[in-house]
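**Q** Model the following, please.
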Amino acid sequence: MNRIFLIGNLTRDPELTETSSGVQICRFSIAVSRNYTGADGERKTDFFNCIAWRGLAETISRYTSKGKKVAVMGSVEIREYEDRDGNKRTAVDINVQDVEFLSPKTADAEQPTTSTDTQKRKPKPQLQSFDDDGDIPF
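**A** This is a model prediction of the structure:
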């Protein structure tokens, strides 16, 4: 079984592109701190390249940015290629199948951006004051 679960922070803004056939791809990387310290007393951090496809790619690109914390579930893909000099290289990617956004929403994201949004919002109902004279009504 090839499953991986990671929680980390985006190291850069996600890059949304399309294949020649029109399928959306989102590439991003996350930094994941290890849960132990090294001999020098500092925590080590691992960096993972992630790839999401189609609707999930668009969602990640729209709702995340550099520094945001995410939980990623997917599978590990190892691919081999040749670089410009003809040397064989190995790359490890996380093929993202699900993501959970863990950073709280910012105040900017919650504010309506147009007057149409403001008009669609209904005003909150005002509560009536309650006069408690101490009598139980039942």
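
**Q** What does the nearest residue to Thr11 once chain neighbours are set aside show for phi and psi?
**A** Nearest residue to Thr11, sequence neighbours excluded (CB to CB, 6 or more residues apart in numbering): Ser29, at 4.7 Å. The C-beta positions use only the backbone N, C-alpha and C, and glycine is treated the same way. The phi/psi pair for Ser29 (degrees, to the nearest 10) reads phi -130, psi 150.

**Q** number of nearby residues for Ser29?
**A** Residues lying near Ser29 (other CB atoms under 10 Å) number 17.

**Q** now do Ser65
**A** 14.

**Q** That one is in contact with Leu10, isn't it?
**A** Yes - here Ser65 reaches Leu10: they are 6.8 Å apart, a contact under CB atoms under 8 Å.

**Q** Phe47: what's it in contact with?
**A** 11, 29-32 (CB atoms under 8 Å, 6 or more residues apart in numbering).

**Q** Quick one: find the helix or strand in this structure with the lowest mean pLDDT.
**A** Sorting the helices and strands of the chain by mean pLDDT, DSSP states H and E puts helix 115-120 at the bottom, at a mean of 48.

**Q** For Trp53, list each beta-bridge partner.
**A** Ile25 (DSSP bridges).

**Q** shouldn't it be in contact with Gln24?
**A** Yes - with contacts counted by CB under 8 Å, Trp53 reaches Gln24, the gap being 6.9 Å.

**Q** quick revisit: let me see the contact set for the residue nearest to Thr11.
**A** 10-12, 47-50.

**Q** between these, which is nearest Glu82?
**A** Closest approach to Glu82 among the contacts of Ser29 (CB to CB): Asn49, at 18.3 Å.
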